[in-house]
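A.B. asks: Below is the sequence, then the predicted model.
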Amino acid sequence: MYESLTNFLKTFSAESPFLWALLVMVIIAVAGLALYGIWEIVLKGLGMVFGGGNGGHGHGSGSGGH
Amino acid sequence: MLFPNADVIVNPVLLVLLGVIVGTLGGFFGVGGGFLITGGLIVFGVPEIYAIGTGLTLIMGSSIINMLKHRGLGNVDFKLGIPMVLGAMPAVFIAESLNSALEEAGQVGNVIPYIYVAVLLLLGTFLVYDFFKTRRCSAQGGNQGEAVSTAGLTQRVQSLRIPPHSVKLPGLPARSTYIALKVSGIEQISIFVPILVGFGIGFFAGLLGAGGGFILMPVLVFVMGIPTTVAIGTDLFQVIITGSWGTLLYALGNNVDPLMALIILAAASVGSQIGATATRFVDPGRIRILYGITVLSGALAIGMGQLGKAIGGLAFLGRIDDWVLLGVPGFMCIVITVLMILEAVRRRQPASEAS
């Protein structure tokens, strides 16, 4: 499986540069959004278990802002 | 592990470590961390062009995570970010043309690193100076909050009246060119101020081949008077745009290794949680001084590299500069985590004593 992935990455990037560039951007953007979502769920879950249900989030509790 | 596009074998554990450092600093300071990622990947043996391309791809991904995290904390001012991006776009093209002209003259290698060192040194020194000046002025000498030494300048910038004061588009009523930035706590500012700031930052970013986040955050705080945490969040919004543009250009040239970027991105998402959450606990004055020290270490590392190249007897400096580049930010991540934990414990104590 790793070999077929390697072959795909090498051939696709060489044959279709524009589609390859778009694919890279989409994969990274989707991965970023997915990782953010996963961490939000994990932190909310942890907050509910340990923090009395506020999900570990808070607005305006930071030191910034006027 | 073999990374097929870059055609290089790298230990994934090192990539994970780099990702955690980049994510933590990105979430805490609101910078893309381009110089850190590129330097780190080169140390790990990745060819320079792939290190830059993969670094920009990672900046795009990690800035998305960091920006969303800061948005959740109420730290992103889109009304400020959008005009800045509009101002930055033409400036990047102008700077890239200048860069190409320098390259044709064979001067890029001579000029750019010195400009980089000068900018980082000036910025880092100012941040350290500002920290100690505002610390002396603050009554308790403890938490400085949003106090900055350039308060007079920020007031003048916010009250600038730049013509035209209104614009009339066909078929629409005349609209004022002054906007209110609620998230940033600014009642009224000319829209041309963020556009001009974006233009200046875009020019430097294009000239230095960086995302520009490392200059934008202090400019927002010290010139425009934006609260530090909002400056961090809004800065990340701008870095997503510049990072995406860079990703597209380098991916078109097949100079990105997405597998490597994905591994670092997954690790960076862990660091992002630490860094962004830490901004809720650490005093803004301390955020700025830690940023100043990190910037100075960047100047030191690049300066060492240049000295190593220029003077034969100091060639050893060129071999240890990348370790300075990685070591100080790595240490900074530990400091950030410790400060966050200490403050969280301190805030919990009165609550538990009261109950």
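C.D. replies: Now that the structure is in, tell me what you want to look at.

A.B. asks: so where's chain A shaky on pLDDT?
C.D. replies: A:51-66 (pLDDT under 70).

A.B. asks: Grab the longest helix from chain A for me.
C.D. replies: In chain A, with assignment by DSSP state H, the single longest helix is helix A:17-50.

A.B. asks: Go through it and flag the buried ones.
C.D. replies: Of all the residues in helix A:17-50, those buried under the rule 16 or more other C-beta atoms under 10 Å in any protein chain shown are A:20-21, A:23-25, A:27-29, A:31-32, A:35-36, A:39-40, A:43-44, A:47. Every C-beta, even on glycine, is put in place using the N, C-alpha and C of the backbone.

A.B. asks: again with stretch B:157-173
C.D. replies: Residues B:157-158 are the ones in stretch B:157-173 that count as buried (16+ other C-beta under 10 Å).

A.B. asks: can you give me the end-to-end distance of it?
C.D. replies: Separation of the first and last residues of stretch B:157-173 by C-alpha to C-alpha, to the nearest Å is 28 Å.

A.B. asks: quick check: longest helix of chain B.
C.D. replies: Across chain B, the helix with the greatest residue count (assigned by DSSP H) is helix B:315-354.

A.B. asks: same for it, what does it pack against?
C.D. replies: The elements that helix B:315-354 packs onto, with contact taken as 3 or more C-beta pairs under 8 Å, 6 or more residues apart in numbering or on different chains; DSSP states H and E, are helix B:12-29, helix B:34-43, helix B:258-278, helix B:284-310.

A.B. asks: Quick one: closest of those helices to chain A.
C.D. replies: helix B:258-278 (3.9 Å; C-beta to the nearest C-beta).

A.B. asks: elements contacting the closest one?
C.D. replies: When contacts are defined as 3+ C-beta pairs under 8 Å, 6+ apart, helix B:258-278 packs onto helix A:17-50, helix B:12-29, helix B:48-72, helix B:315-354.

A.B. asks: separation between the closest residue to B:A147 other than its chain neighbours and B:G243?
C.D. replies: What sits nearest to B:A147 in space, not counting adjacent residues and going by C-beta to C-beta, 6 or more residues apart in numbering or on different chains, is B:T134, at 4.5 Å. According to C-beta to C-beta, to the nearest Å, B:T134 stands 32 Å off from B:G243.

A.B. asks: and those two? which has more neighbours close in?
C.D. replies: Under the neighbour definition other C-beta atoms under 10 Å in any protein chain shown, B:T134 and B:G243 were set side by side, and B:G243 has more, 27 against 20.

A.B. asks: Would you mark the buried spots in the helix or strand harbouring the more buried one?
C.D. replies: Element membership of B:G243, judged by DSSP states H and E, is helix B:228-252. For helix B:228-252, the neighbour count (16+ other C-beta under 10 Å) marks B:228-248, B:250-252 as buried.

A.B. asks: Show the average pLDDT along the longest helix of chain B.
C.D. replies: For helix B:315-354, mean pLDDT is 82.

A.B. asks: Tell me what angle that helix forms with helix B:34-43.
C.D. replies: 120 degrees (axes from the mean of the first three to the mean of the last three C-alpha atoms, to 10 degrees).

A.B. asks: Helix B:315-354: which residues count as buried?
C.D. replies: Within helix B:315-354, the residues that count as buried by 16+ other C-beta under 10 Å are B:317-318, B:321-322, B:324-326, B:328-330, B:332-333, B:336-337, B:339-340, B:343.

A.B. asks: And stretch B:70-85, by the same measure?
C.D. replies: When neighbours are counted by 16+ other C-beta under 10 Å, the buried residues of stretch B:70-85 are found to be B:70-77, B:79-85.

A.B. asks: For those, work out which two are farthest apart.
C.D. replies: Across the buried residues of stretch B:70-85, no pair lies farther apart than B:G72 and B:P83, at 23.2 Å, counting by C-beta to C-beta.

A.B. asks: I would like the residues contacting stretch B:311-319, please.
C.D. replies: B:304-305, B:307-309 (C-beta atoms under 8 Å, 6 or more residues apart in numbering or on different chains).

A.B. asks: Filter the residues you listed down to the buried ones.
C.D. replies: With burial judged by 16+ other C-beta under 10 Å, the buried subset of the contacts of stretch B:311-319 is B:304-305, B:308.

A.B. asks: Go through those residues and name the one nearest B:A205.
C.D. replies: Closest approach between the buried ones among the contacts of stretch B:311-319 and B:A205, by C-beta to C-beta: B:G305, at 20.7 Å.

A.B. asks: dump the residue contacts of the closest one.
C.D. replies: So, once contact is read as C-beta under 8 Å, 6+ apart, B:G305 ends up touching B:113, B:317-318, B:321-322.
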